[in-house]
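J.: what follows is a predicted structure for the sequence shown.
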Amino acid sequence: MKRYNSIQIALLALLSIHFTVISCTKEDLDPPPPIVIDDDDDTDEFIALDPDLNAGPITFETTGPSFEADDELNSTNPNGTWGRFGETGDSKITVAYADNPSKSGINTSERVIQVTEPADVQSWAGFFFNLKETINFPSGKEAISVQFNSPGPNHNVLLKLEDQLSNDDENKKSSGDLFATTTGSGWETLIFNVPEKNGQRSGIYNRITMILGYGVTNTGQKNYQVDTFNFDIPKEVVAAVDPTDAPEAPTAPANQVLSIFSNAYTDIEGTDFNPNWGQSTVVSVENIANNDVLKYAGLNYQGTQFASPLDVSGKTKLHLDYFTGDATVLKFFLISSGPKEKAYELNVSENPGTWKSVDIDLTYFSDVVDLSDVIQFKVEGTGTVYFDNIYFYGVNSAPTTGQAAPDKDAGDVLSIYSDTYNSSVSANLNPNWGQGTVVEEVDLNGNSVLKYGSLNYQGTDWASTPLDVSGMEYLHFDYWTAEASKFNFYVISPGPKEKAYAAENITLGQWVSVDVPLSYFGDVVDLSEVFQFKVDDAGSGESATVYFDNFYFWKSSSQATSPNSAAEDPTFDAEDVKSVYSEVYDSAVNPNLFPGWGQTTQFEEVEFDGGKKIVKYSNLNYQGIDFSSTPLDVSDMTHINFDYWTADAEGFDFYLISSGPAEKKSAITPTTGSWQRVSIPLSDFNDVVNLSAIIQFKIDVQAYQTGVTIFFDNIFFSK
């Protein structure tokens, strides 16, 4: 980089005056640009300024964004001018100016931006910096070019133009994710075509976001360099190749398959193939050769959300068919609650433009993902991709986990066999009826289940104390089998009077719950005097093994619709608490429990004997609690706590809101019919929310079920 000594500075000043006199008239004289001088001849002075792309290329030679910690945008510095994302714990990327490591070819500049990625950051880790002015594209140059020091061919780089609103602001504007792929090694110019948004392209964006190793999972530290941002002529877009035929028909036996998307099998119900995760991918279902396929156009990432968690612990494989003619990277993620996720990289380099099939061993995911609680798929990649025949299949020889615990209220249950409920009778689980079945009680991660090996028939007997189930509504049992095609489950009363429920169309390799209306048995069986169960192989002669759990009778809940007391008193020391609403602690603010935000919610403060009060929000869609006149500094606290009680809410989002406003939610899955205490770490919020200026809470049920009632008590911060 060029440096100036004191003699050169004087000459420059004289030359500047001379050329000004001979080349400018009085009318067009402008102040000359400032010359930044450093008296130390060994180093250059660099001025940190938000760059202006409209004024010319951003070269970072003498000015550029600050990447100092004091200027980083975060929850404690809402006015920061740059930021980074994709950290894992305390491990995060660093962004700094560095000497050009390869001054050759198209880039002989001195100073470049260097991004250092540790091994364990996310594959989507990146950075952004603000611009001085919104970008105005010159006619014919509706693209952004960036010089990138490529580590090799087929490396994917992401650029996104944005405004400076927070990501959760409904008015946020973005170009969407724009991709470029390298062709070789060393410095090359990447061009990102910028699309119009609602007929506009200019005057919108004043922030540049980049991911320099998009989709790359680091095995060691990586260093990337970028330089010189400029307007450019858009690159020619090659149309994606589309399939003209369907993939080969699946061959897995239907009773071994749990299908997500396929014309060959019956898919599970309620799957959302396009949840709103902020992606730019365009999702559609296309019919090709009389076969439905999923199309992901302009892929950056895309989710699939299941209506309820899937237990695939009894399956052995995940099958996918996929087609792409232009993707340069494609990853398929399996996700369980947590979230816990792991990616499988699909091969897109061999034979592009043809259908490919992959069968992934589920053991590949099981070191990270809970296979008994799979909630989502995710795809990351580029280009246009088609998917078909997405299903789990194959069968383990035995279950590895028990069925999820029943959720019926104990007062509504008469139990025969279950770890969840106290037994209503003392049942003989293996009476001698001359059967060939081998009965064993098996422990699956702390849950006891019954194993019926070589099943021909098998009884469960409590004849000494017949059970009156006439006040119940259903018989419940859970089963798991790797091989049985059918079986019968009998309810028996003295006589004997018995009737069988036929279990057919059995899904192999997963726990299945069955609830049979007792009215089905009541025309034969005396429901006031039930004393036995029986299971047989329905004449199949298969000698199969079937596992059973949770034999019980139940009725619809008689659960109360409101609490009969306030929540239990919290036990934190008062000096470790900043309270918003509680009878136990003095309030740190004067909250408005029912601000007018246009909600349908109705508010009431309920008082119990002894004077304790709680908050009741009924007909709830959303509701705020406001103390914005006296913002609360909770930066010295560690948790937000509250008690809730609901009989009917399926879920709700609890938002913490700071000045700005800046808000972030925590999703709550309620336990109904009893007081529940929630304690959420404030670290879950502080990447967005300014903990030194908390002004509001918000409760929102619109993503679940509106019109419900939730009671709240003891809302406070603690440490």
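T.: Yes, it's here. Since this is a predicted model, take the numbers as computed values, not measurements.

J.: nearest residue to the middle of the protein?
T.: residue 339 (6.3 Å; CA atoms, centre = their mean).

J.: contacts only, for residue 456.
T.: Neighbour list for residue 456: 435-437, 536-537, 543 [criterion: CB atoms under 8 Å, 6 or more residues apart in numbering]. Using the backbone N, CA and C atoms, a C-beta is placed for each residue, glycine as well.

J.: do the same with residue 544
T.: Here residue 544 is in contact with 454-455, 481, 483-485, 487, 537 (criterion: CB under 8 Å, 6+ apart).

J.: now with 7 Å?
T.: Residues in contact with residue 544, defined by CB atoms under 7 Å, 6 or more residues apart in numbering, are 455, 481, 483-484, 537.

J.: ok, for residue 181, nearest residue in space, not its chain neighbours?
T.: Nearest non-adjacent residue to residue 181, counting by CB to CB, 6 or more residues apart in numbering: residue 328, 4.7 Å away.

J.: quick one: secondary structure of that neighbour?
T.: Of the three states, residue 328 takes coil according to DSSP: H, G, I helix; E, B strand; the rest coil.

J.: what's the burial count for it?
T.: 21 (other CB atoms under 10 Å).

J.: wait, isn't it in contact with residue 182?
T.: No: applying CB atoms under 7 Å as the test, residue 328 and residue 182 come out as separate, 9.4 Å apart.

J.: hey, where'd the strands end up in the stretch 101-250 of the chain?
T.: 111-117, 126-130, 143-151, 156-162, 178-181, 185-193, 207-211, 222-232 (DSSP state E, counting those that start in this stretch).

J.: and the next helix or strand after the longest one, what's its mean pLDDT?
T.: When you say that, I think you mean strand 222-232. Using DSSP states H and E, the helix or strand that follows strand 222-232 in sequence is strand 258-261. The average pLDDT for strand 258-261 rounds to 96.

J.: next SSE after strand 258-261?
T.: Criterion used, DSSP H and E; the element after strand 258-261 is strand 282-287.

J.: what mean pLDDT does that next one get?
T.: 96.

J.: buried residues of it, list them for me.
T.: In terms of neighbour count (16 or more other CB atoms under 10 Å), strand 282-287 has its buried residues at residue 283.

J.: over to stretch 348-362?
T.: So for stretch 348-362, counting by 16+ other CB under 10 Å, buried means 348, 352, 355-356, 360, 362.

J.: what does stretch 482-495 give?
T.: So, applying 16+ other CB under 10 Å, buried residues of stretch 482-495: 482-485, 487-493.

J.: what two of these are the furthest from one another?
T.: 482 and 493 (32.8 Å; CB to CB).

J.: okay, strands next: where are they in the stretch 401-550 of the chain?
T.: Assigned by DSSP E, counting those that start in this stretch, the strands in the stretch 401-550 of the chain fall at 413-417, 438-444, 447-453, 457-461, 474-481, 487-493, 497-503, 512-517, 532-536, 546-554.

J.: picking up where we left off before, present the buried residues of stretch 348-362 as a markdown table; the columns should include distance to residue 305.
T.: Output for the buried residues of stretch 348-362, formatted as a markdown table (distance: CB to CB, whole Å):
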| residue | distance to residue 305 |
| --- | --- |
| 348 | 25 |
| 352 | 29 |
| 355 | 26 |
| 356 | 25 |
| 360 | 20 |
| 362 | 20 |
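
J.: in terms of pLDDT, where does residue 127 sit?
T.: On the pLDDT scale, residue 127 gets 97.

J.: again, but for the one 5 residues further on
T.: In this prediction, residue 132 carries a pLDDT score of 97.

J.: now the one 5 residues further on
T.: Residue 137 is assigned a predicted lDDT (pLDDT) of 98.

J.: report how many residues lie close to the residue nearest to it when sequence neighbours are not counted.
T.: Closest residue to residue 137 apart from its sequence neighbours, by CB to CB, 6+ apart: residue 202 at 5.1 Å. By the measure other CB under 10 Å, the count of residues near residue 202 is 14.
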